[in-house]
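J.: compute the structure for the input listed below.
(2 chains)
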There are 2 protein chains.
Amino acid sequence: MFNQDMYKLGSKRSVIREIFEYAKARSAEIGGENVFDFSIGNPSVPAPECVNESICRIVKETPSVQLHGYTSAQGDRACRDKIAENYNARFGASLSGDDLYLTCGAAACLTISIHALACAGDEFLAFAPYFAEYRVFVEGAGCKFTPVPAEDKTFQPDFEALGRALNPHVKGVIVNSPNNPSGVVYGEETIERLAALLRRKSKEYGHPIYILSDEPYRELVYDKATKVPCIFNYYDDTIVCYSYSKSLSLPGERIGYIAVGPKAADSKALYAAVCGAGRVLGFVCAPALFQRVAAECDGKTADLGVYMRNRDLLYEGLTKLGFSCVYPDGAFYLFVKSPEADANAFCARAKKYELLFVPGDDFGCPGYVRIAYCVETETIRRALPLFAKLAEEYKK
Amino acid sequence: MFNQDMYKLGSKRSVIREIFEYAKARSAEIGGENVFDFSIGNPSVPAPECVNESICRIVKETPSVQLHGYTSAQGDRACRDKIAENYNARFGASLSGDDLYLTCGAAACLTISIHALACAGDEFLAFAPYFAEYRVFVEGAGCKFTPVPAEDKTFQPDFEALGRALNPHVKGVIVNSPNNPSGVVYGEETIERLAALLRRKSKEYGHPIYILSDEPYRELVYDKATKVPCIFNYYDDTIVCYSYSKSLSLPGERIGYIAVGPKAADSKALYAAVCGAGRVLGFVCAPALFQRVAAECDGKTADLGVYMRNRDLLYEGLTKLGFSCVYPDGAFYLFVKSPEADANAFCARAKKYELLFVPGDDFGCPGYVRIAYCVETETIRRALPLFAKLAEEYKK
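T.: The predicted model follows:
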């Protein structure tokens, strides 16, 4: 009658959403302060002051028709130029405003980029653990989605597995660093190795294999030594998908950009394909007011220090209790090995202590759980004794 | 290498966009006041005061994390409830917040609804003249797009042509009243006739034929006698696509909603399919701040009286000069018969007088031009003598 695949995608609540709803109901029963919801990746720190200050000033200063009117489909010229300029200054890249397509957040960046690239029979790879919606986006574009396992201990890409997965149908590899859910950052050496392999395979297959770099957590790294390499400087056939959701704590406002590698093969035409895909999917322009806000606040961030404190507290607390977890250099997640084989059973047991987190199955890594630490620091402090009780259960 | 259909859609500028760019360049040459750009449907009146007032107040009053955070994918609960309540009060319908899916404007409403409905081999109909992007959206969902001619003199639906076009593959009929580009409104009798025919055919084919009612111009009607019927009250299998772009002069902010007919067959599952389609296409939630602004300002409008004055001035002026045009009850366009067979030639001739408008070919009606009167009233006043000179050319 109507599309049953869409029905299934809309009616099957994601596990994260299930837990989120449970947390709300449980909070009503026993009080919010007694429920420890580590399930959702919603920024817990306010947007930096420049955001609301910009909103009010822009609204006051700009004539309504100009402010709230359509911008060009790819975004306001001045905003794109400013963002490109900042980008180049920070990363030593050579973007122009004409390489940027402003749109409604990271999800839109990904669907638009995938539709721009996808031809019949194409395949996209992503390194596990991966954000579960990648599969939805790739399959929604009629392509095959193939996860590539990570190295067991480090959650860095397993290059042998990648070598086996690559084939002439692969159109793109989705890279997400800092990673949701593992918090791992891919360093320069990893990116160089990835670039070399993809260059070789692109040549062998006679067509570019694109890197789709999904970077909403780009600014969320906590140690001075941690650098997030700018992939444009290592690999030409790259499309960067960026969102201000996490850096400016604006996930609801849906603002981000696609940056098409200026040295990608036939870059201008690829950019046109991005514009065409945006049009077909129903994106007209990114929200106009937030184009201006993003351009004004680009390069600033919310107080990310809170996340670092949370990470340190939680990572130290959990490892002391005997939990095993790769050290997260960025994002706001810990990806913890379940002390029993079935992570769902572990989550159920944690629930008895009102500790809520997400099994790794949907991220392509059964046997792990994702613990989001974008919460009040005090929540973590009060949760640790409960984690201790939970750990006790596995020592019996 | 990448998707060539997307490349074509992104690189072939729309005729409207071509003319818009020409107008900018020409304005730089001879001064903006000497160029009469009637090509773009961008509201020319400011948003009502409640919009900017709401923005600043909401920003001041609402904690940042709550305001700028993710809302649920279908939109904030309170906003949906408020909009549904207003809708029912105005139109005597029985929507609940659970029938509404807030999203990024009318284009998103359409692509999401079409993807929710579309199965392999499906076909969608639209009455000519029609908004050119309908074809892009329907074909982008892998379906066949078939225009149905309008009646010659009135631009009302031609029911005999519709009868011939209907077949078991038709999943939906796109209705756009007040119409872009003709300005025509479909009255109660038309909607009743349409509903009766579709009910009969749905029964015959054994599946619902949906009405997709694209209603961004719903509030833009100028005579007291003109009523825009609420299609839910005539036909159960209806999805309404609404945008605040024109009523609140907010086209750049991308805010609108899908309302799924509460009496549609399997309505809850259809709503779930809408949620699924939004997810697949990369829509996460509608821009959060503007969800609240829209809910607060729902039912209010910009000063639409300006458009009425413009319509009267232009309609009277042009018909006096001998141009032929159906009387537009709504929207902000005149759809004028070209005085020569080729509307493109007519547009080229008008250009000599710095009069810019759009040939009807892309709207499925060659031999007509669309003249957008969402401009300063003074622009129309000053343009009329030039229209007089243009008319003279055809009297020689």
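J.: which residues does stretch A:135-151 contact?
T.: Judged by C-beta atoms under 8 Å, 6 or more residues apart in numbering or on different chains, the contacts made with stretch A:135-151 from elsewhere in the structure are A:9, A:107, A:110-111, A:114-115, A:118, A:120, A:122-130, A:134, A:156-158, A:161-162, A:165, A:169, A:171, A:182, A:364-365, B:279-282. For the C-beta atoms, the positions are set from N, CA and C on the backbone; glycine is no exception.
J.: what are the boundaries of the strands in chain A?
T.: Listed in chain order, the strands found in chain A under DSSP state E are A:36-37, A:100-103, A:123-127, A:144-148, A:170-175, A:210-214, A:238-243, A:256-260, A:324-325, A:333-337, A:355-356, A:358-359, A:368-372.
J.: one step back: of the contacts of stretch A:135-151, buried ones?
T.: A:9, A:107, A:110-111, A:114-115, A:118, A:122-130, A:134, A:156-158, A:161-162, A:165, A:171, A:182, A:364-365, B:279-282 (16 or more other C-beta atoms under 10 Å in any protein chain shown).
J.: counting only helices, which of those residues make the cut?
T.: Secondary structure assignment (DSSP state H) places A:9, A:107, A:110-111, A:114-115, A:134, A:161-162, A:165, B:279-281 from the buried ones among the contacts of stretch A:135-151 within helices.
J.: need the max-distance pair from those residues.
T.: Spatial extent of these (C-beta to C-beta) is set by the pair A:A161 and B:L281 at 30.6 Å.
J.: which non-adjacent residue is nearest A:A265?
T.: Spatial nearest neighbour of A:A265, excluding adjacent residues (C-beta to C-beta, 6 or more residues apart in numbering or on different chains): A:P208 at 5.1 Å.
J.: ditto for A:S177
T.: Beyond its immediate neighbours in the sequence, the residue positioned closest to A:S177 (C-beta to C-beta, 6+ apart) is A:Y186, lying 4.1 Å away.
J.: same thing with A:L100?
T.: Closest to A:L100 by C-beta to C-beta, 6+ apart is A:R80, at 4.5 Å.
J.: A:N179 versus the one you found, what's the distance?
T.: With the distance defined as C-beta to C-beta, to the nearest Å, A:R80 ends up 28 Å from A:N179.
J.: these two: who's more crowded?
T.: A count of neighbours by other C-beta atoms under 10 Å in any protein chain shown puts A:N179 above the other of A:R80 and A:N179, at 29 against 25.
J.: how about the contacts made by that one?
T.: Applying C-beta under 8 Å, 6+ apart, the residues near A:N179 are A:127, A:129, A:155, A:185-186, A:217, A:330-331.
J.: circling back: quick one: contacts for the residue nearest to A:L100?
T.: Going by C-beta under 8 Å, 6+ apart, A:R80 touches A:74, A:97-98, A:100, A:102, A:257, A:295.
J.: neighbours of the residue lying closest to A:G183 once chain neighbours are set aside, how many?
T.: Distance criterion C-beta to C-beta, 6+ apart; nearest residue to A:G183, sequence neighbours excluded, is A:P328 at 2.4 Å. The local packing count at A:P328 equals 27, with neighbours defined by other C-beta under 10 Å.
J.: what score does A:P328 have for pLDDT?
T.: pLDDT recorded at A:P328 is 94.
J.: same question, A:Y368
T.: Model confidence at A:Y368, expressed as pLDDT, equals 97.
J.: A:A108 now?
T.: 98.
J.: again, but for A:K337
T.: The pLDDT attached to A:K337 in the predicted structure is 97.
J.: assess the claim that it and A:G367 are in contact.
T.: Yes - applying C-beta atoms under 8 Å as the test, A:K337 and A:G367 come out as touching, 6.7 Å apart.
J.: what's the closest non-adjacent residue to A:L166?
T.: A:K201 (5.1 Å).
J.: contacts only, for that neighbour.
T.: A:166, A:170, A:209.
J.: output those residues in a markdown table; the columns should cover pLDDT.
T.: Rendered in a markdown table, the data for those read as follows (pLDDT from 0 to 100):
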| residue | pLDDT |
| --- | --- |
| A:L166 | 98 |
| A:V170 | 98 |
| A:I209 | 98 |
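J.: follow-up on the earlier one: give me the buried subset of the contacts of A:N179.
T.: Using 16+ other C-beta under 10 Å as the burial test, these include A:127, A:129, A:155, A:185-186, A:217, A:330-331 as buried.
J.: good, we can wrap up now.
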